[in-house]
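[1] Generate a structure from the sequence data that follows.
(chains A, B, C and D)
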Number of protein chains: 2
Amino acid sequence: MPRWEPDAQLRLETAALELFAERGYDGTTVADIAERAGLMKRSFFRYFPDKREALFGGTERLVAHLRQEVEEAPADTPPWQVLIAALTSSGRLFPKDRAVAHQRQSVIAANPELREREVLKMATLHDLLTSLLAQRGIPERQAAYLVRLAQTVYEQAFAQWIAPGADMTFEGCMADAAAELDRALTLGMADATSAARRLGAGQPAR
Amino acid sequence: MPRWEPDAQLRLETAALELFAERGYDGTTVADIAERAGLMKRSFFRYFPDKREALFGGTERLVAHLRQEVEEAPADTPPWQVLIAALTSSGRLFPKDRAVAHQRQSVIAANPELREREVLKMATLHDLLTSLLAQRGIPERQAAYLVRLAQTVYEQAFAQWIAPGADMTFEGCMADAAAELDRALTLGMADATSAARRLGAGQPAR
DNA sequence: CTCCTGATAACACTTGGTGTCGTCGTTTGT
DNA sequence: ACAAACGACGACACCAAGTGTTATCAGGAG
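    Below is the predicted model:
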């Protein structure tokens, strides 16, 4: 007979999400979370470096997935296609139950500290993807642009997928968001100093 | 004769930047900062909501500047041009001494907590600019894409401006970064589902 | 049976951050 | 010119996040 219940980390994650939803992030102490999970406050920090991380457990898997997808893509696949494919397939890592994802997102949106952490995760992902593209021979600053754009598509798609009501696969949401990007680029940059004019006029600058 | 020295906030900001550079962010307590500024720990929190904010004092001015620039732009100016113009002119708010900006950026880069805050500030700016564009009639999701792209140009330009060695105006850096964006869009998305193809075909959407 | 390992409780401690009150120059009103 | 309200700060108490350390006890290896 084991001395302690198994799955301590999972219990902590569940307890944290529940309590944040019930009382808010600020209204919940680490001791509260630990107590609901049947542990001591000190044990919480053996599983998570800080209080926020209890909500961001899935990040390592996402990082691993993206790294693998990009590294394994054929060398001649255009970078944009690599990014979109990797991000689209990462939808497999999402919880089966959209409601869980939605609740988690609500909790994050309700608290600046949590938003801060989420945004940092996206920035970390940005650095990762940029360096992976750089390894494929894409100039680093150009890679940075493509990654940022792809991440924004991803965020928009995720928001749409989460939304209650709409009943789409994540893949469908990604396709939608990418189409919207098309419109934004043609509409927004139509007569700026930028891509649209050069592409339209066939006149490479510089 | 005043009872206390004036400019307490400025003294705190200076002390914080110095100490973070000397001993690192973690190696510096709020009491240390307050002491160097000739105040008590409690007074620090009368000027800043938390320890990190001592490094981000300029944000309110930046927000005010961007809001004003976007709101005052003629209604028929294309959104991309509005964004780039607003961000470019915000270079006027930077410290005259590039070395100060560079040191500040080094301190931020050296600490995840500070990076977290910086990235949150950018996200806040993103929300602001997106809603300002939405007020101008740009569909919100398209606005989100344009803003993200413009912010990335801004970041790249700032990094280049900061860099020791290169001696360019911020305006010049923005132009450079925008040109790099051109190349990224043509190169990276050449045969994706996206804008480049449609633009190349001379087919304005909408 | 004993030793070792690993996960946990228990406890002390530092630091970020807040509430509160008293103090005393400064400013305002008359 | 004088009193009252104001404002910035010191001083102190307090809570919660996060860390270091030690003791405890299950199960596995020899």
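[2] and chain A, which of its residues are near DNA strand D?
    Taking CB under 7 Å from any atom of the strand as the contact definition, chain A meets DNA strand D at A:1-3, A:28-31, A:41-42, A:45, A:49-52. All C-beta atoms are positioned from the backbone trio N, CA, C, and that covers glycine.
[3] at 6 Å what do you get?
    A:M1, A:P2, A:R3, A:T29, A:V30, A:A31, A:R42, A:F45, A:P49, A:D50, A:K51 (CB under 6 Å from any atom of the strand).
[4] What subset of those is buried?
    Buried by 16 or more other CB atoms under 10 Å in any protein chain shown: A:V30, A:K51, out of the residues of chain A next to DNA strand D.
[5] Go through the residues of chain A next to DNA strand D and flag which are in helices.
    Of the residues of chain A next to DNA strand D, the ones assigned to helices by DSSP state H are A:V30, A:A31, A:R42, A:F45.
[6] with these in mind, which one is nearest to chain B?
    Nearest to chain B, judged by CB to the nearest CB, of these is A:F45 at 16.6 Å.
[7] Leaving out chain neighbours, which residue sits closest to the closest one?
    Excluding the flanking residues, the one nearest A:F45 by CB to CB, 6 or more residues apart in numbering or on different chains is A:V30, at 7.6 Å.
[8] what's the burial count for A:Y145?
    For A:Y145, the tally of surrounding residues (other CB atoms under 10 Å in any protein chain shown) stands at 27.
[9] What strand or helix carries it?
    Under the criterion of DSSP states H and E, A:Y145 resides in helix A:140-162.
[10] returning to that earlier point: reformat the residues of chain A next to DNA strand D as a markdown table; add pLDDT.
    Compiled in a markdown table, these are given as follows (pLDDT from 0 to 100):
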| residue | pLDDT |
| --- | --- |
| A:M1 | 60 |
| A:P2 | 68 |
| A:R3 | 70 |
| A:T29 | 97 |
| A:V30 | 98 |
| A:A31 | 97 |
| A:R42 | 96 |
| A:F45 | 97 |
| A:P49 | 96 |
| A:D50 | 97 |
| A:K51 | 98 |
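[11] ok, back up a step: show me what secondary structure element comes after the helix holding A:Y145.
    helix A:170-188.
[12] per-residue confidence for the closest residue to A:E155 other than its chain neighbours?
    In this structure, A:E155 finds its nearest non-sequential neighbour in A:M122, 7.6 Å apart by CB to CB, 6+ apart. Reading off the confidence values, A:M122 has pLDDT 97.
[13] I figured A:M122 hits A:Q151, correct?
    Yes: if you go by CB atoms under 8 Å, A:M122 and A:Q151 touch, sitting 6.1 Å apart.
[14] Which residue of the two possesses the greater neighbour count?
    Using other CB under 10 Å, the more surrounded residue of A:M122 and A:Q151 is A:Q151, with 18 against 15.
[15] other SSEs contacting the host helix or strand of A:L66?
    Applying DSSP H and E as the criterion places A:L66 in helix A:59-72. The elements that helix A:59-72 packs onto, with contact taken as 3 or more CB pairs under 8 Å, 6 or more residues apart in numbering or on different chains; DSSP states H and E, are helix A:79-89, helix A:112-135.
[16] centroid residue for chain A?
    Residue closest to the average C-alpha location in chain A (CA atoms, centre = their mean): A:M122, at 5.9 Å.
[17] Give me the helix or strand of chain A that scores worst on average pLDDT.
    Ranking every helix and strand in chain A by mean pLDDT, DSSP states H and E puts helix A:195-201 at the bottom, with a mean of 36.
[18] Looking at A:E180 now. What's its pLDDT?
    89.
[19] just the one 10 residues further on next, same as before
    What the model reports for A:A190 is a pLDDT of 55.
[20] Repeat that for the one 3 residues further on.
    Note on A:T193: pLDDT of 45.
[21] what about A:E72, neighbour count?
    9.
[22] next one: A:R52
    19.
[23] same deal with A:E35?
    For A:E35, the tally of surrounding residues (other CB under 10 Å) stands at 15.
[24] how about it, what does it touch?
    Listed by CB atoms under 8 Å, 6 or more residues apart in numbering or on different chains, the contact set of A:E35 is empty.
[25] ok, now the one 3 residues further on?
    Neighbour list for A:G38: A:E5, A:R11 [criterion: CB under 8 Å, 6+ apart].
[26] Over to it. Which of the three states is it?
    In three-state terms, and counting by DSSP: H, G, I helix; E, B strand; the rest coil, A:G38 is coil.
[27] Show the model's pLDDT score for it.
    For A:G38, the model assigns a pLDDT of 93.
[28] does A:A34 really touch A:M40, like I thought?
    Yes: here A:A34 reaches A:M40: they are 5.7 Å apart, a contact under CB under 8 Å.
[29] Those two: who's more crowded?
    For A:A34 versus A:M40, neighbours defined as other CB under 10 Å are more numerous around A:A34 (22 against 13).
[30] per-residue confidence for the more buried one?
    Looking at A:A34, its pLDDT reads 97.
[31] gap between it and A:Q142?
    From A:A34 over to A:Q142 the distance is 47 Å, taken as CB to CB, to the nearest Å.
[32] Count the neighbours of the closest residue to A:I138 other than its chain neighbours for me.
    Distances taken as CB to CB, 6+ apart place A:P79 nearest to A:I138, at 5.2 Å, with adjacent residues excluded. By other CB under 10 Å, the residues close to A:P79 number 26.
[33] what does A:E140 give?
    Applying other CB under 10 Å, we find 12 residues neighbouring A:E140.
[34] cool, and A:A64?
    As a burial measure, A:A64 scores 11 neighbours (other CB under 10 Å).
[35] same check, this time on A:V100
    13.
[36] Pull the contacting residues for the nearest residue to it once chain neighbours are set aside.
    In space, and not counting its chain neighbours, A:V100 is closest to A:L17: 8.0 Å by CB to CB, 6+ apart. With contact set as CB under 8 Å, 6+ apart, A:L17 has these partners: A:A54, A:L55, A:V100, A:Q103, A:R104, A:V107.
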